[in-house]
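**Student:** A predicted structure for the sequence below; I have some questions about it.
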Amino acid sequence: QVQLVESGGGLVQAGGSLRLSCAASGRTFGSVSLGWFRQAPGKEREFVAAVHRNGIYTQYADSVKGRFTISRDSAKSTLYLQMNSLKADDTAVYYCAGALKYGSVWPLSREPQYDYWGQGTQVSVSS
């Protein structure tokens, strides 16, 4: 089992920045690949970014490439999402997810590949 708890969401003006964190506990952090998804009001949840359990491979949705950076700190068992140049379209609930069964697979952009989910953190961008 892996428990995931997100934090760092909030209200920010367009063009601003936020950093989301996801604290992981339970199973060995290094055995799990991790990702961020988001769900805007009235829309389906969508992939944002992922980082392989090796800490080397990263993947981004086209809509956030060049603006968002995903990273993981094994010493702190924490996943991060640095979000810069935020737009109103980035407004959503952001979810952290962990892939154990498919932890060695790449890429990891589909929801069924993930076994564990956090409760989500709200990000609101005002235009």
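**Tutor:** Looks like it arrived, so ask away. Numbers count the residues shown, from 1 in each chain.
**Student:** all strands of this protein, in order?
**Tutor:** For the chain, the strands defined by DSSP state E occupy 2-7, 10-13, 18-26, 33-39, 46-51, 58-60, 68-73, 78-83, 92-99, 116-117, 121-126.
**Student:** just for the chain, where's the confidence low?
**Tutor:** For the chain, no stretch is flagged by pLDDT under 70.
**Student:** neighbours around residue 18, how many?
**Tutor:** By the criterion of other C-beta atoms under 10 Å, residue 18 has 20 neighbours. Bear in mind the C-beta positions are built from the backbone N, C-alpha and C, glycine included.
**Student:** cool, the one 3 residues further on as well?
**Tutor:** Neighbour count for residue 21, taken as other C-beta under 10 Å: 17.
**Student:** and if you look at residue 7?
**Tutor:** A total of 14 residues lie near residue 7 under the criterion other C-beta under 10 Å.
**Student:** nearest spatial neighbour of it, skipping sequence neighbours?
**Tutor:** Spatially, and ignoring its direct neighbours in sequence, residue 7 is nearest to residue 21 (5.1 Å; C-beta to C-beta, 6 or more residues apart in numbering).
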